[in-house]
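K.L.:
Take a look and give me a structure for this.
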Amino acid sequence: MKLIQILKVAVIPVLTVLSLLSASNKALADYLTSQGSAGDYRYELWATDDNSHYYLKVWSSEASQKSDAYSTTRAFTSTREALIYFDCKYAGRNLPECQNVQ
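P.N.:
Numbering: from 1, shown residues only. Model (predicted):
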């Protein structure tokens, strides 16, 4: 009888906490941080759930809001790096930083 009580008091709460932790990790997802447009393109800047990487989704400015992205970029380590990439590659801006964009 005491063994059942010990299991109820010790094991069940531990299993409950572990299941909640694993469920919360599965619920994490990328999220939209900003959006804008310049030149003939518009973008959405997305971040991973832990803010360690950012990426751009780019559309033609004439494309429907519901259409698939024209391009989805590689991962960037900062929002600044991602927006400089957009400015140089899509908006046609001639910034000093554009020399380093590939």
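K.L.:
can you list the weak-confidence ranges in this structure?
P.N.:
Of all residues in the chain, those with pLDDT under 70 make up the ranges 1, 3, 6-28, 102.
K.L.:
Helices along that one, start to end?
P.N.:
2-6, 12-26, 79-89 (DSSP state H).
K.L.:
just checking, what packs against the last one?
P.N.:
Secondary structure elements in contact with helix 79-89, counted by 3 or more C-beta pairs under 8 Å, 6 or more residues apart in numbering; DSSP states H and E, are strand 31-38, strand 41-47, strand 54-60. To be clear about C-beta, it is placed using only N, CA and C from the backbone, and glycine gets the same treatment.
K.L.:
partner strands of the second one, parallel or antiparallel?
P.N.:
Meaning strand 41-47. Looking at strand 41-47 with DSSP bridges, its paired strands and their directions are strand 31-38 (antiparallel), strand 54-60 (antiparallel).
K.L.:
From Ile4, how far off is Asp87?
P.N.:
Note on Asp87: its distance to Ile4, by C-beta to C-beta, to the nearest Å, is 66 Å.
K.L.:
between the two, who's got more neighbours?
P.N.:
Neighbours were counted for Asp87 and for Ile4 using other C-beta atoms under 10 Å; Asp87 has more, 19 against 8.
K.L.:
what sits against the more buried one?
P.N.:
Residues counted as contacts of Asp87 (C-beta atoms under 8 Å, 6 or more residues apart in numbering) are Ala38, Arg93, Leu95, Cys98.
K.L.:
Glu62: which of those is nearest?
P.N.:
Proximity to Glu62 was ranked across the contacts of Asp87 by C-beta to C-beta; first place goes to Ala38, at 14.1 Å.
K.L.:
Hmm, Cys88 and the closest one touching each other?
P.N.:
No: counting by C-beta atoms under 8 Å, Cys88 is not a contact partner of Ala38; they are 10.8 Å apart.
K.L.:
higher neighbour count, those two?
P.N.:
Neighbours per residue, other C-beta under 10 Å: of Ala38 and Cys88, the larger number sits with Cys88, 18 against 15.
K.L.:
Let me see the contact set for the more buried one.
P.N.:
Here Cys88 is in contact with Leu95, Glu97, Cys98, Val101 (criterion: C-beta under 8 Å, 6+ apart).
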